[in-house]
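Peer 1: Provided below for reference: sequence and predicted model.
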Amino acid sequence: MKKLFIALIGLLVITGTFIQTAMATEQEVKKTIMDDNAYVKKNLKGLEGTYSNEGAIEFWSSGGLIQTIKADGRLEEYDAFNIDVKHIQVTILVPDKIALAHYYSEGSMTPKGSPAVANYRTRVSQVYTKEAGKWKVRSSHWSPIIGGSGTSQTALVE
């Protein structure tokens with residue numbers, strides 16, 4: 001009976017630690033998404049260091065083929081950027097290591113050198129990996145919501 005009680009206490013401690021780590025992971029990923037979006041809104045350009053050291057694979061809301069993004073990312077610039085992220089839900093795949101985020105991205109934008117998008121409304125799925133203590137994008141998929149539009153960009157400019 002004593003061994004069962006000790007095993008039960010050990011299981012409760014491990015479960016509590018797992019839940020606490022998962023909750024911290026969820027909050028960190030949500031904060032990363034919100035902070036990155038706020039940076040672009042304020043500075044009208046993408047934030048450096050958001051992509052994994054391995055790069056990323058993406059499907060863009062404009063359609064087209066799969067895009068391979070290098071570790072230095074897509075440092076886009078905007079003439080205008082008024083996008084909000086909403087309803088972020090995070091699925092923990094490996095606590096404190098890998099997470100999947102789903103959310104909505106809505107608003108308007110004008111990428112430099114591209115036409116304005118007045119009714120940008122997309123669903124977003126992104127895989128994040130934790131590297132050197134920071135959450136980095138490893139994969140992204142944006143798909144337009146009916147009645148909205150995706151970006152006007154269709155390919156990387158190198």
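Peer 2: Looks like it arrived, so ask away.
Peer 1: For the chain, just list every one of the helices.
Peer 2: With DSSP state H as the criterion, the chain has helices at 2-43.
Peer 1: quick one: low-confidence parts of it?
Peer 2: 1, 4-22, 147-158 (pLDDT under 70).
Peer 1: Any idea which residue is closest to the centre of it?
Peer 2: In the chain, the centroid-proximal residue (Cα atoms, centre = their mean) is residue 126; its distance is 4.6 Å.
Peer 1: Strands of this protein, start to end?
Peer 2: 56-59, 67-69, 78-94, 98-111, 117-131, 134-144 (DSSP state E).
Peer 1: looking at the ones you listed, which is closest to residue 28?
Peer 2: Across these, residue 28 has its closest neighbour in strand 134-144 (6.0 Å, Cβ to Cβ). Just so you know, the C-beta spots here come from the backbone N, C-alpha and C atoms, and that holds for glycine as well.
Peer 1: which helices and strands sit right next to that closest one?
Peer 2: Other elements packing on strand 134-144 under the criterion 3 or more Cβ pairs under 8 Å, 6 or more residues apart in numbering; DSSP states H and E are helix 2-43, strand 56-59, strand 117-131.
Peer 1: Of all the strands of the chain, which one comes closest to residue 50?
Peer 2: Evaluated over the strands of the chain, closeness to residue 50 peaks at strand 134-144, with 5.6 Å, by Cβ to Cβ.
Peer 1: any residues touching the closest one, and which ones?
Peer 2: 28-29, 32, 49-54, 56-61, 73, 99, 105, 121-130, 150-151 (Cβ atoms under 8 Å, 6 or more residues apart in numbering).
Peer 1: Thank you kindly, that will do.
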